[in-house]
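>>> Okay, structure incoming, though there's no sequence with it:
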């Protein structure tokens, strides 16, 4: 191990870098407190080239450090890239980092057998189509990459995002970034946006940026995509409100009113609860409320 001046390293050469993002506040804080514990790995060249340790070097530069502990290794470029990938496997790579690893391997001319072997290590399906999707991610714009990492987007949702053109994605990411949304809710929202694009030929985000959260956004998209459905939902909620159901009774319908039946849910703790529920159901049946709801579900 040697102590190397940062000025001796080509900080712009990132051919072996798969880390994303490079900025790491926790790491910078740690280095500022106790210094760099693990040396970086450098390629023996003039100037020196980083193989592993890009985040440590970024933090060192931010802290104004002049020198950095390093190990210098003389290897071929393809061997250096594999060293970088394998060195990072232990910490668990995010989707963008996996994309960088595969895109760099493809660009360096590695065989499909070698690339598919790394894909298996990354818990990815070793398939040409999957490889193509990850190469596309590596070449996408920064806002999309940041969104993928911040929200921990699944491959399915990333593929959905890639269905939109660059301008549409920019608007969608701007819309979604402030919201805290689960991956499943993100999938539902993206599916509705795709449906909007198919039906109307464009993605109309007007009136959606004031959404309070992901569920509110989903509800607004539902109204945009299904105006008739929204009207039916309003009618159903109005009838349900008139029923004045107690907490232990609930009536549910299919969200898209595609099923002709309704669900009546009861929370029962005693025989008296059963009697009270039956009396309430009999009352709303006689008042015609059940019939009104069935008319909505049966068209």
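Sure thing, it's come through. Since the model is a prediction, treat every value here as computed from it, not as a measurement.

>>> Quick check: phi and psi on residue 138?
As for residue 138, its main-chain torsions (degrees, to the nearest 10) stand at phi -60, psi -30.

>>> So residue 217 versus residue 271, what's the distance?
44 Å (C-beta to C-beta, to the nearest Å). C-betas here are computed from N, CA, C, even on glycine.

>>> what kind of secondary structure is residue 70 in?
The three-state assignment at residue 70 reads strand, by DSSP: H, G, I helix; E, B strand; the rest coil.

>>> re the thing from before, between residue 217 and residue 271, which has more neighbouring residues?
Higher neighbour count among residue 217 and residue 271: residue 217, with 23 against 8, using other C-beta atoms under 10 Å.

>>> got the contact list for that one?
Applying C-beta atoms under 8 Å, 6 or more residues apart in numbering, we find residue 217 in contact with 175, 176, 179, 189, 208, 211.

>>> Helices of the stretch 1-150 of the chain, start to end?
25-34, 54-63, 77-89, 95-107, 112-121, 128-138, 142-151 (DSSP state H, counting those that start in this stretch).

>>> Mean pLDDT for those - can I get that in TSV?
What follows is the helices of the stretch 1-150 of the chain, written out as TSV (pLDDT from 0 to 100):
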stretch	mean pLDDT
helix 25-34	94
helix 54-63	96
helix 77-89	95
helix 95-107	97
helix 112-121	96
helix 128-138	94
helix 142-151	94
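
>>> Please work out which of those is packed deepest.
helix 95-107 (a mean of 22; mean count of other C-beta atoms under 10 Å).

>>> Wait, residue 118 touches residue 85, no?
Yes. Residue 118 lies in contact with residue 85 (C-beta atoms under 8 Å); the separation is 6.3 Å.

>>> so what sits against both of those two?
What both residue 118 and residue 85 touch, as defined by C-beta under 8 Å, 6+ apart, is the set 101, 105.

>>> Could you chop this protein up by domain?
1-91, 229-297 (automatic domain parsing).

>>> Could you tell me the least trusted of these?
Lowest mean pLDDT within those: domain 229-297, a mean of 90.

>>> now the end-to-end length of that domain.
11 Å (C-alpha to C-alpha, to the nearest Å).

>>> circling back to that earlier point, any chance of the domains of the chain in a markdown table, with distance to residue 112 too?
Below are these laid out as a markdown table (distance: least, C-beta to C-beta, whole Å):
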| stretch | distance to residue 112 |
| --- | --- |
| domain 1-91 | 15 |
| domain 229-297 | 43 |
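
>>> Pick the most deeply packed of the ones you listed.
Burial of these is given as mean neighbour count (mean count of other C-beta under 10 Å); domain 1-91 ranks first at a mean of 16.

>>> what's the first-to-last distance across that domain?
Across domain 1-91, first to last residue, C-alpha to C-alpha, it's 23 Å.

>>> Use 145 as the first number for this chain going forward.
That works, and once the first residue is 145, the last one we named lands at domain 145-235.

>>> could you pull out the strands for the stretch 245-394 of the chain?
Here the stretch 245-394 of the chain has its strands, by DSSP state E, counting those that start in this stretch, at 393-396.

>>> can I get the contacts of residue 361 in TSV with distance to residue 275 and neighbour count?
What follows is the contacts of residue 361, written out as TSV (distance: C-beta to C-beta, whole Å; neighbours: other C-beta atoms under 10 Å):
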residue	distance to residue 275	neighbour count
319	30	17
320	27	22
323	31	17
333	27	26
352	34	18
355	36	19
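
>>> and which of those is nearest residue 160?
residue 320 (32.3 Å; C-beta to C-beta).

>>> and the closest one, what does it touch?
291, 295, 330, 333, 361.

>>> TSV please, covering those and showing distance to residue 243.
Shown next, in TSV, are these (distance: C-beta to C-beta, whole Å):
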residue	distance to residue 243
291	13
295	15
330	18
333	23
361	27
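
>>> which of these sit farthest apart?
Among the contacts of residue 320, 291 and 361 lie farthest apart (C-beta to C-beta), at 15.0 Å.

>>> sorry, back to before: from the contacts of residue 320, which is closest to residue 161?
For the contacts of residue 320, the nearest to residue 161 is residue 291 (20.3 Å; C-beta to C-beta).

>>> what about the closest one, distance to residue 187?
32 Å.

>>> So residue 370 sits against residue 399, correct?
No. Using C-beta under 8 Å, residue 370 makes no contact with residue 399, being 9.9 Å away.

>>> hang on, the earlier thing: can you lay out the helices of the stretch 145-294 of the chain as a markdown table showing distance to residue 395?
Listed next are the helices of the stretch 145-294 of the chain as a markdown table, based on distance: least, C-beta to C-beta, whole Å:
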| stretch | distance to residue 395 |
| --- | --- |
| helix 169-178 | 50 |
| helix 198-207 | 55 |
| helix 221-233 | 52 |
| helix 239-251 | 42 |
| helix 256-265 | 49 |
| helix 272-282 | 43 |
| helix 286-295 | 35 |
